[in-house]
Structure formats: structure tokens, C-alpha cells
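Enquirer: Make a model of this:
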Amino acid sequence: MKQETIDRIRRFSENRDWDQFHSPENIAKSIVIEAAELLECFQWSDNDYDVTHVKEELADVLVYCRNMLDKLGLDEDEIVNMKMDQNEKKYPVEKAKGSAAKYDQL
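Expert: Okay, the predicted model is just below:
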């Protein structure tokens, strides 16, 4: 995410004095709620959905994720790369390519 966007998200909460409500637990709840709203966009059809609504709900998820990163002092690149290292070990290309099986079933 561009620094300009990160700063805008931070200013939005700071200007409204919302940090007092942004405990890790509350942010985690908000991420799940917004993710459910994103899922709702596809509730009745995999192909017929409103892309504008999808973008709005996905943006809500991303904003709350950014808030969680800030609250916990985490670096997004660091934690994503850590998880990708784990995933690459769990799902080696030679076993996982073209398969939807869980890692313990490969």
C-alpha cells in the first residue's frame, strides 16, 4: 500500500479520535464482519455480482487490516513473507500444482 494511502487511513482515525476504540480484539471483529459483507456480494451467484460493492467491502477489510498492523506495530511485508515461506514449505510445487488438497493430504 502506498504511504500516501496509509497516511490517509491513519489521519481518518486520528481526526475522529477513534484509536480509543481500536483494540486488537475490536479490529479483529471488524475484519471478520467486513469479510462477511464481502462474501455476501457473492451469496447467490459466483458470476453475477456488483464489482463496485465488492471493491467497497474489500477496501473496508484492507483498512481494518492496516489499522491492525498499526495497532500491533507489524510490518505487512515482513508478516506476508513469513507466511509465504510457511506456505511454500507446506505446498511444494511438485505436490500441490493443480491440486486443491490441504497440505496434509498432498
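
Enquirer: next helix or strand past the longest helix along the chain?
Expert: The helix that spans the most residues within the chain, counting by DSSP state H, is helix 51-72. Per DSSP states H and E, the first helix or strand lying C-terminal to helix 51-72 is helix 76-90.

Enquirer: Which helix or strand lies directly C-terminal to that following helix?
Expert: Next helix or strand after helix 76-90 toward the C-terminus (DSSP H and E): helix 93-96.

Enquirer: Against which helices or strands is the longest helix of the chain packed?
Expert: Judged by 3 or more Cβ pairs under 8 Å, 6 or more residues apart in numbering; DSSP states H and E, the packing partners of helix 51-72 are helix 3-15, helix 24-40. Backbone N, C-alpha and C define where each C-beta goes, glycine included.

Enquirer: Could you rerun that using 6 Å?
Expert: With contacts taken as 3 or more Cβ pairs under 6 Å, 6 or more residues apart in numbering; DSSP states H and E, helix 51-72 sits against helix 24-40.

Enquirer: what angle do the helix it packs on and helix 51-72 make?
Expert: Orientation of helix 24-40 against helix 51-72 (axes from the mean of the first three to the mean of the last three Cα atoms, to 10 degrees) gives an angle of 160 degrees.

Enquirer: pLDDT on helix 24-40, on average?
Expert: Mean pLDDT, helix 24-40: 98.
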